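Colleague: only geometry, no sequence info:
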């Protein structure tokens with residue numbers, strides 16, 4: 001994909017070029033939003049709002065990492081949605097029983113083709129525990145944990161995506177990992193090596 005070319009064409013008003021950028025980043029944007037929001041409906045709303053905002057603000061993009069620029073818009077959309085949720089905190093039954101979204105994706109990514117029913121059930125338990133612990137983090141910590149330990153962004157990308165200083169990113173991530181480590185004690189033995197938290201390890 002010629003990303004710079006698509007961006008230039010989209011900035012010139014080529015909707016098809018922008019749609020190709022959407023297709024390239026929609027899974028990442030939705031997964032980030034889902035991990036921050038914790039439910040599929042809110043994540044879909046935040047992702048849709050983010051892409052609308054990105055299209056409107058394309059003329060403001062001045063180079064650098066397009067992914068980081070877009071993820072900053074996604075995280076801002078999530079903050080907006082979380083504020084709306086606080087103003088109307090009722091959770092619908094549909095949200096409570098929803099089985100779609102990256103929670104099931106995460107179960108598949110943790111699973112092996114050779115896993116039996118017991119292993120699959122354990123993977124589901126782990127995925128649910130991870131998301132539950134993420135949901136209980138303060139918003140500012142949740143965002144950096146999702147970007148770094150779920151999506152694999154480096155510190156610089158997180159700083160660009162959130163508008164935070166590099167030192168603030170590292171500090172928030174350290175505190176988020178400490179809280180996640182404590183929260184995940186009950187399923188620690190089920191976690192793959194990369195999910196066994198330490199101050200310097202990933203979720």
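Modeller: Cool, got the structure. Keep in mind that what you see is a predicted model, and the values were worked out from it rather than measured. Residues are numbered from 1 along each chain as shown.

Colleague: distance between stretch 43-54 and the chain's centre?
Modeller: Centroid displacement of stretch 43-54 relative to its chain, using C-alpha atoms, centre = their mean, to the nearest Å, is 13 Å.

Colleague: and the contacts of it?
Modeller: With contact meaning C-beta atoms under 8 Å, 6 or more residues apart in numbering, stretch 43-54 is reached by 22, 26, 29-30, 33-34, 36-37, 70, 73-74, 76-78, 80-81, 101. The way it works is simple: take the backbone N, C-alpha and C, and place the C-beta from them, glycine included.

Colleague: just the buried members of these?
Modeller: With burial judged by 16 or more other C-beta atoms under 10 Å, the buried subset of the contacts of stretch 43-54 is 22, 29-30, 33-34, 36-37, 70, 73-74, 76-78, 81, 101.

Colleague: quick one: low-confidence ranges for the protein?
Modeller: Scanning the chain for pLDDT under 70 picks out 85-116, 118-120, 122, 187-203.

Colleague: if we go to 50?
Modeller: Filtered on pLDDT under 50, the chain yields the residue ranges 89-112, 194-195, 197, 199-203.

Colleague: please enumerate the helices of it.
Modeller: 3-11, 15-37, 40-56, 66-87, 93-97, 102-110, 117-135, 139-145, 155-162, 166-183 (DSSP state H).

Colleague: ok, the spatially most central residue of the chain - contacts?
Modeller: Of all residues in the chain, the one closest to the mean position by C-alpha atoms, centre = their mean is residue 32, 1.7 Å from it. Contact analysis of residue 32 by C-beta under 8 Å, 6+ apart lists 71, 74-75, 78, 146-147, 150-151.

Colleague: redo that, cut-off 10 Å
Modeller: Residues in contact with residue 32 (C-beta atoms under 10 Å, 6 or more residues apart in numbering) are 25, 43, 46-47, 50, 70-71, 74-75, 78, 102, 143, 146-147, 150-151, 153, 161.

Colleague: all good on my end, thank you.
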